[in-house]
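Enquirer: Could you work out the structure for the sequence below:
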Amino acid sequence: MDLKPLCQRVADRLGIDPLEIKFEEIIDDSRLYIKEEYVAINSKFENDYVECAKAITHEYRHVFQIFYANMFNDDRDRRWRSELSNLVNTSNMSDKGSNYISQELELDAFSFTKYYLDKYESIRINNKIAGYDEIIDKYISINYNFL
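Expert: Next up is the predicted model:
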């Protein structure tokens, strides 16, 4: 499965350079290693194009968020910079993960993923977290010009 064309399309949309993709035995579906400049995707998705597309789009959006938070000076970048300094991930999230999914950075990444994959790749996705799709859809409707 060749993911490079998708990586390039998503990177072009976000104005970032594509990162290397590696499949690893990780607890998460995917993880961004910004310093090492790669995205790890759970090896259980190695032959699942849709799950890989979701992972790439989501993690590339995080790269964009880091860039944005360090380049601009507005309300959004201040909120994102604050969250970036206190990130919640699988190593420090609450039992139910509510402090993870309630982060604006995650809502934005999940929303961008749903929006981008539907609009540009003709892939429709639904989030696995009950009720989160409604929140994502509202975020998209408010922020579609930024996605």
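Enquirer: Counting neighbours, what do you get for the nearest residue to residue 1 once chain neighbours are set aside?
Expert: Nearest residue to residue 1, sequence neighbours excluded (CB to CB, 6 or more residues apart in numbering): residue 49, at 5.9 Å. Where you see a C-beta, it was placed from the backbone N, CA and C, and this is true even at glycine. Here the count is done by other CB atoms under 10 Å, and residue 49 has 14 residues near it.
Enquirer: repeat for residue 28
Expert: When neighbours are counted by other CB under 10 Å, residue 28 comes out with 14.
Enquirer: that's a helix at residue 40, yeah?
Expert: No: read with DSSP: H, G, I helix; E, B strand; the rest coil, residue 40 is strand and lies in no helix.
Enquirer: contacting residues for it?
Expert: 22-24, 26, 30-33 (CB atoms under 8 Å, 6 or more residues apart in numbering).
Enquirer: starting at the chain centroid, how far to stretch 7-24?
Expert: Offset of stretch 7-24 from its chain centre (CA atoms, centre = their mean, to the nearest Å): 11 Å.
Enquirer: Can you show me the CA trace of it as PDB?
Expert: What follows is stretch 7-24, C-alpha atoms only, in PDB (Å, rounded to 0.1, in the frame of the first residue of the first chain):
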ATOM      1  CA  CYS A   7       0.900  12.100   2.600                       C
ATOM      2  CA  GLN A   8       1.900  14.600  -0.100                       C
ATOM      3  CA  ARG A   9      -1.700  15.700  -0.700                       C
ATOM      4  CA  VAL A  10      -2.400  16.200   3.000                       C
ATOM      5  CA  ALA A  11       0.900  18.000   3.500                       C
ATOM      6  CA  ASP A  12       0.200  20.300   0.600                       C
ATOM      7  CA  ARG A  13      -3.200  21.200   2.000                       C
ATOM      8  CA  LEU A  14      -1.600  22.100   5.300                       C
ATOM      9  CA  GLY A  15       1.500  23.800   3.900                       C
ATOM     10  CA  ILE A  16       3.900  21.500   5.700                       C
ATOM     11  CA  ASP A  17       6.500  19.000   4.500                       C
ATOM     12  CA  PRO A  18       5.400  15.300   4.500                       C
ATOM     13  CA  LEU A  19       6.800  13.100   7.300                       C
ATOM     14  CA  GLU A  20       8.000   9.600   7.100                       C
ATOM     15  CA  ILE A  21       5.400   6.900   8.000                       C
ATOM     16  CA  LYS A  22       6.400   3.900  10.200                       C
ATOM     17  CA  PHE A  23       4.300   1.100  11.400                       C
ATOM     18  CA  GLU A  24       5.000   0.200  15.100                       C
END
